[in-house]
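# below are the sequence and a predicted model; questions follow.
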Amino acid sequence: MSSYESFAAFYDELTTNVDYETRGAYLWQILQNEGKRSGLLLDLACGTGTLCEYFSARGYDVIGVDASEEMLAEAMEKKIEAQSDTLYLCQRMQDLDLFGTVDVVLCTLDSLNHITDKDELAGVFERIALFLNEDARVIFDVNTVYKHEEVLQNNTFVYDLDDIYCVWQNTLQPDHVVDITLDLFAYDEENDCYDRTQESFSERAYTEEELRQMIEAAGMTVLARYAELSFDAPAPTTERVVYVLKNVVCKNQKPLPELE
């Protein structure tokens with residue numbers, strides 16, 4: 001899994017199609033519907049911290065966790081600008097280790113799809129369940145098999161912005177895995193040239209049945225499934241599905257795998 005060493009500096013610019021205000025408001029509405037109007041909120045795989053600061057501004061105590069130091073450096077800039085109390089931790093999702101339990105866990109923008117090993121993903125759900133307060137809520141989204149097989153597949157996408165040019169190349173593999181290569185051309189104003197860097201990573205889409213099995217094995221249950229940014233049931237052509245979970249068994253009921 002990539003650390004996004006080069007990608008981090010351009011992540012926000014290349015994801016301008018992601019309306020964080022709309023996405024944050026949508027997630028906030030789910031939390032209101034679930035009665036989670038305050039408390040300790042974990043943003044898992046938080047990236048550059050935009051959603052962390054969104055929820056911090058709305059009264060939640062926020063922890064942001066990401067495996068990329070470069071992403072977290074960008075997040076810290078936002079924390080300083082917002083003058084927030086957000087706590088940022090550099091950890092892999094597979095190694096999640098908090099000081100205590102939380103009331104809400106968010107994991108958005110297909111972050112879980114980046115875990116392409118099914119056993120590892122099952123372990124992530126177990127780590128999440130370990131740090132949930134009683135009656136906590138978990139909200140995550142995932143790209144669907146339809147999106148991987150029909151939309152991403154072997155296609156190439158190009159982003160031509162003022163100071164960055166990005167070529168996004170996909171290669172479809174078995175088990176709904178897409179290998180992704182990003183060629184980034186960043187403009188160097190001082191030397192009047194473009195510097196090229198490359199990032200590579202993979203994403204795997206999981207079926208609803210596979211996800212439910214892992215979720216239930218971790219001691220959680222699915223309360224709702226929504227088509228992205230709506231409260232409608234997912235359709236066969238839905239590209240991203242939002243899951244709402246709650247924990248249903250006592251923490252530490254089963255032993256967790258040892259961290260490496």
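That came through, no problem.
# distance of the residue lying closest to Glu120 once chain neighbours are set aside from Leu130?
By the measure of C-beta to C-beta, 6 or more residues apart in numbering, the closest residue to Glu120 outside its immediate chain neighbours is Gln94, 5.7 Å from it. From N, CA and C alone the C-beta is placed, and that goes for glycine too. With distances taken as C-beta to C-beta, to the nearest Å, Gln94 is found 13 Å from Leu130.
# what average pLDDT does whatever helix or strand Glu199 lives in get?
According to DSSP states H and E, Glu199 maps onto strand 193-204. For strand 193-204, the mean per-residue pLDDT is 90.
# after it, which helix or strand is next?
helix 208-217.
# what lies in contact with that next one?
Outside helix 208-217, the residues that touch it by C-beta atoms under 8 Å, 6 or more residues apart in numbering are Lys118, Leu121, Ala122, Phe125, Glu126, Val142, Thr221, Val222, Arg225, Val241, Tyr243, Leu245.
# want to throw those into a markdown table with secondary structure and pLDDT?
A markdown table is the format used below for the contacts of helix 208-217 (DSSP: H, G, I helix; E, B strand; the rest coil; pLDDT from 0 to 100):
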| residue | secondary structure | pLDDT |
| --- | --- | --- |
| Lys118 | helix | 98 |
| Leu121 | helix | 98 |
| Ala122 | helix | 98 |
| Phe125 | helix | 98 |
| Glu126 | helix | 97 |
| Val142 | strand | 98 |
| Thr221 | strand | 98 |
| Val222 | strand | 98 |
| Arg225 | strand | 98 |
| Val241 | strand | 98 |
| Tyr243 | strand | 98 |
| Leu245 | strand | 98 |
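# low pLDDT regions in the chain?
Residue ranges of the chain with pLDDT under 70: 1-17, 249-260.
# show me the contacts for the nearest residue in space to Thr116 that is not next to it in sequence.
Excluding the flanking residues, the one nearest Thr116 by C-beta to C-beta, 6+ apart is Arg204, at 4.0 Å. Contacts here follow C-beta under 8 Å, 6+ apart; on that basis Arg204 touches Asn113, Ile115, Thr116, His148, Asp175, His176, Val177, Val178.
# so which of these sit within strands?
Val177, Val178 (DSSP state E).
# hmm, which of the contacts of Arg204 are the buried ones?
Asn113, Ile115, Thr116, His148, His176, Val178 (16 or more other C-beta atoms under 10 Å).
# flag every buried residue along stretch 56-68.
Neighbour-count burial for stretch 56-68 [16+ other C-beta under 10 Å]: Ser56, Tyr60, Asp61, Val62, Ile63, Gly64, Val65, Asp66, Ala67, Ser68.
# identify all contacting residues around that stretch.
With C-beta under 8 Å, 6+ apart as the criterion, stretch 56-68 contacts 1, 3-5, 8, 28, 38-47, 49, 52-53, 55, 72, 75, 82, 84-93, 96, 98, 102, 104.
# one more time with 6 Å, if that's ok
3-4, 38, 40-46, 49, 52, 55, 72, 75, 84, 86-89, 91-92 (C-beta atoms under 6 Å, 6 or more residues apart in numbering).
# same deal with stretch 18-37?
Thr50, Leu51, Tyr54, Val104, Arg137, Ile139, Leu229.
# parallel or antiparallel, which strands does the strand holding Glu199 pair with?
strand 177-188 (antiparallel) (DSSP bridges).
# using CSV, list the CA coordinates for the strand it pairs with.
Extracted C-alpha coordinates of strand 177-188, given in CSV (Å, rounded to 0.1, in the frame of the first residue of the first chain):
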residue,chain,number,x,y,z
VAL,A,177,-8.6,-5.9,-7.7
VAL,A,178,-7.5,-2.8,-9.6
ASP,A,179,-3.8,-1.9,-9.8
ILE,A,180,-3.5,1.9,-10.0
THR,A,181,-0.5,3.9,-11.2
LEU,A,182,-0.4,7.6,-10.9
ASP,A,183,2.2,9.6,-13.0
LEU,A,184,2.4,13.1,-11.5
PHE,A,185,4.0,16.0,-13.4
ALA,A,186,4.4,19.0,-11.0
TYR,A,187,5.4,22.4,-12.3
ASP,A,188,8.7,23.7,-11.0
